[in-house]
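build me a structure from this.
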Amino acid sequence: MISSALVALSAADAEYEGFIGWVLSLMQTLGEIGVGVAVLLETFIPPIPSEAVLPGAGFLAYAGKMSFWWAWIAATAGALIGAWIWYALGAALGRDRTRRLVGAIPLMETEDFDKAETFFQRWGGVAVLVGRCVPLVRSFISIPAGIERMPLWKFTAYTLLGSGIWNGVWIGLGFAFGPAIEPVLAQWSGVLSKAVLAVIALLVLWFIVARLLRLRRQKRTAATADEPDARAG
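Numbering: from 1, shown residues only. Predicted structure coming up:
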């Protein structure tokens, strides 16, 4: 069964297209290290979702192209390195400078930082642990941890546990469904790639539109509140 899948995979390698083809090519070229690189990139470029990368690693492990366990270790190491970088930035910049920096980013508000900080202060290590399994949050939860100077050993332990579980689930799904994934990828990789990118684009568009509408409502509210003061003056 596996040998026939290997033959089919080898024959179809050149046919993989789009985003999926790029991900599989990266991981096949660099091996397990490519899995770690992809996860590290996702830490800084959230539109590259690990949910779309890790199953590909599991599929390649099923097909004998890489080791399941080394792929899992590399993915977890990539997540940890990215988390350390965000942690270091938070520790170096401190609360006030980070808050001002977030407020200066287009479509971001200091309120976004305040919410993340409040969430971390309330839940501490649990926030880091659970945050590793939530898109976008897993990239930024490390910042308040650095600002609050959470002990590095504890931050590392929670990050390893959360990332290890998350990566194991998604790589495991790609491995378990390898027999079903192979013929689908061989025939529909281009269409699936476009679908993945379309979903990512829609999510980004939704965020931008929702944030612009929110900012517009806030400006209207502020303008309405200023009118009585202007009349009184």
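
how confident was the prediction at residue 20?
pLDDT for residue 20: 60.

same thing with the one 5 residues further on?
The predicted local distance difference test score for residue 25 is 73.

next: the one 5 residues further on.
According to the prediction, residue 30 has pLDDT 80.

now residue 93
87.

what's the burial count for the closest residue to it other than its chain neighbours?
The shortest distance from residue 93 to any non-neighbouring residue, by C-beta to C-beta, 6 or more residues apart in numbering, is to residue 101 (6.8 Å). The way it works is simple: take the backbone N, C-alpha and C, and place the C-beta from them, glycine included. Residues lying near residue 101 (other C-beta atoms under 10 Å) number 15.

any idea how far residue 25 lies from residue 80?
Counting by C-beta to C-beta, to the nearest Å, the separation of residue 25 from residue 80 is 25 Å.

who's more crowded, those two?
Using other C-beta under 10 Å, the more surrounded residue of residue 25 and residue 80 is residue 80, with 21 against 13.

work out for me the element the more buried one sits within.
helix 68-104 (DSSP states H and E).

name the helices or strands packed onto that helix?
Judged by 3 or more C-beta pairs under 8 Å, 6 or more residues apart in numbering; DSSP states H and E, helix 68-104 is in contact with helix 32-44, helix 50-62, helix 110-123, helix 137-140, helix 142-147, helix 152-176.

list the buried residues in that helix.
By neighbour count on 16 or more other C-beta atoms under 10 Å, the buried set for helix 68-104 is 68, 70-80, 82-84, 86-87, 90-91, 93, 98-99, 102.

worst mean pLDDT among the helices and strands packed on helix 68-104?
Among the helices and strands packed on helix 68-104, helix 137-140 scores lowest, at a mean of 71.

the residue nearest to residue 93 reaches residue 92, doesn't it?
No - using C-beta atoms under 8 Å as the test, residue 101 is too far from residue 92 to be in contact (11.5 Å).

any idea how many residues pack against residue 123?
Neighbour number of residue 123 under other C-beta under 10 Å is 14.

circling back to that earlier point, just want the angle from the helix holding residue 80 to helix 152-176.
For helix 68-104 against helix 152-176, the angle by axes from the mean of the first three to the mean of the last three C-alpha atoms, to 10 degrees is 120 degrees.
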